[in-house]
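Engineer: can't give you the sequence, but here's the structure:
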């Protein structure tokens, strides 16, 4: 925090400053989970660690009865990029012009700080609430996400532990705090396609077979195909080519093979199996000599207009006056894993305009309302009181 800034009087702001100062680059938590664990233990939570492969995972639960309401998120952050391009150092939390700057300010250390302070305020007012409260944290959401939340979910699933509601603190707001709730996410299907040709001299194309030329019309058909029309909550499935690799580096050699990487972000109205079948039918129709490797990095999930969405929209309205809209746009999140053991899973957090950017920041005026929204949801779900 810079010397010119006033000392924070918001407990969530103070905690966010403490967390941002710790450079928790994936999968290093930089001691952040220790800070949060102490706060949760003081609130009577039972703590469990599910660390694996250098990834730190925390499951904290208070209570043993239903409903079980969970607040979930990640403590890891993406690299800062060139530090000299930041107005202030990325891991020196700085208050400037009414904003808190630093890597993780929006994605998502302020959400986690608001989680903790909301829990503390809720328990101070309702120490004998019904049901149970849980917090799930990982240090591997921004990375490969193979030893993070998914491992905690597997452990909970193995012992028959299920959640009734979960808010993932991803930065979902678009233009003002509270305008967007992510109530679902599209699935993600990756493909690595290699087309085999025959290497040769560019002056003698009749003696070679150019895999780039063979692949190009097939890719054109692939990206022009209408895969589905989406539905009320999901846009149509999208196919995007992200990489094409071919050639020896010489301009007089026809390459022997060409590799393309492409991705489907798909709505639940399409299945991975059907997308694979239709894609490969295109490649066969173009008579490609090919091999393809498929990898699914996330199944789609959807939470309808039930108790959790009702509680969250009411809480947002009470704190900000904003009528939240439901959306399934954007990339994948750990919600895709949590939805496997949770009846209702949504994502909600601060503005996402600066995430992963130079000078990432959050407006200080949004922090107290964010905390209030999370607290009101807990009150509605665990005490029956209106948000």
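Structural biologist: That came through fine. Remember, predicted model here, so these are calculated numbers, not experimental data.
Engineer: going forward, measure contacts and count neighbours with C-alpha atoms only.
Structural biologist: Noted.
Engineer: just the pLDDT at the most centrally placed residue in the chain, thanks.
Structural biologist: Computing the C-alpha centroid of the chain and ranking residues by C-alpha atoms, centre = their mean puts residue 333 first, at 2.6 Å. Per-residue pLDDT puts residue 333 at 87.
Engineer: distance of it relative to residue 341?
Structural biologist: Using C-alpha to C-alpha, to the nearest Å, residue 333 is found at 15 Å from residue 341.
Engineer: can I see the domain layout of the protein?
Structural biologist: 11-185+300-383, 187-296 (automatic domain parsing).
Engineer: return the most buried member of those.
Structural biologist: domain 11-185+300-383 (a mean of 21; mean count of other C-alpha atoms under 10 Å).
Engineer: so what's residue 316 up against?
Structural biologist: 178, 322, 323, 324, 373 (C-alpha atoms under 8 Å, 6 or more residues apart in numbering).
Engineer: these two touch, right, the second one and residue 175?
Structural biologist: It stands for residue 322. No. Using C-alpha atoms under 8 Å, residue 322 is not in contact with residue 175; the gap is 11.1 Å.
Engineer: low-scoring stretches of this structure, by residue?
Structural biologist: Counting by pLDDT under 70, the chain shows low-confidence ranges at 1-8, 386-387.
Engineer: if we go to 50?
Structural biologist: Across the chain, the ranges flagged by pLDDT under 50 are 1-7.
Engineer: okay, helices next: where are they in it?
Structural biologist: Secondary structure of the chain by DSSP state H: the helices cover 11-20, 32-42, 110-125, 149-158, 211-224, 272-285, 307-320, 335-338, 367-383.
Engineer: okay if I get the ones you listed as JSON lines plus distance to residue 243?
Structural biologist: Shown next, in JSON lines, are the helices of the chain (distance: least, C-alpha to C-alpha, whole Å):
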{"stretch": "helix 11-20", "distance to residue 243": "34"}
{"stretch": "helix 32-42", "distance to residue 243": "36"}
{"stretch": "helix 110-125", "distance to residue 243": "34"}
{"stretch": "helix 149-158", "distance to residue 243": "28"}
{"stretch": "helix 211-224", "distance to residue 243": "12"}
{"stretch": "helix 272-285", "distance to residue 243": "17"}
{"stretch": "helix 307-320", "distance to residue 243": "38"}
{"stretch": "helix 335-338", "distance to residue 243": "25"}
{"stretch": "helix 367-383", "distance to residue 243": "39"}
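Engineer: and of those helices, who's closest to residue 49?
Structural biologist: helix 149-158 (8.8 Å; C-alpha to C-alpha).
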